[in-house]
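A.B. asks: The following comprises the amino acid sequence and a computationally predicted model.
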Amino acid sequence: FIVSVNGIEDNSEEMMQQFNTPKVTVKVRRALNFIVILDKVNMTTKLGVLVPKPTRNDCLVIMMIEDGLIKDYNDKCAHESAQILERDRIVSVKGKVGSAG
């Protein structure tokens, strides 16, 4: 995934325009699939993420992590590389894949 172009993030139109400049610096993130099990003790516990609305494609993009199950999971991770990060994508829930809408 392209994360930034010439330091510009979160604006795909501006990022694309940067490819017309003489020098282009691109920051990419490789897709890495891993499984996380979140134990929702009660139904009032929030996941703690913001995803864009309306959702598109076959995944949910995590735009922001707030208080909730995912933040709790991240706080317990021994290694930062195992954490769930903003801009990560949720591609399945309980083994189900398909439309995120």
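C.D. replies: On my side now, so go ahead.
A.B. asks: Which parts of this structure are strands?
C.D. replies: For the chain, the strands defined by DSSP state E occupy 2-5, 26-28, 49-50, 60-61, 64-65, 89-90.
A.B. asks: what packs against the fourth one?
C.D. replies: Packed against strand 60-61 by the contact rule (3 or more Cβ pairs under 8 Å, 6 or more residues apart in numbering; DSSP states H and E) you find strand 89-90. Every residue, glycine included, has its C-beta placed from N, CA and C.
A.B. asks: got the contact list for the residue with the largest distance to the centre of the chain?
C.D. replies: Within the chain, the residue lying farthest from the chain centre (Cα atoms, centre = their mean) is Pro22, at 30.4 Å. Under the criterion of Cβ atoms under 8 Å, 6 or more residues apart in numbering, the contact list for Pro22 is empty.
A.B. asks: before we move on, the earlier item: ranking the strands of the chain by burial, who's on top?
C.D. replies: Burial among the strands of the chain, expressed as mean neighbours by mean count of other Cβ atoms under 10 Å, is greatest for strand 60-61, which shows a mean of 18.
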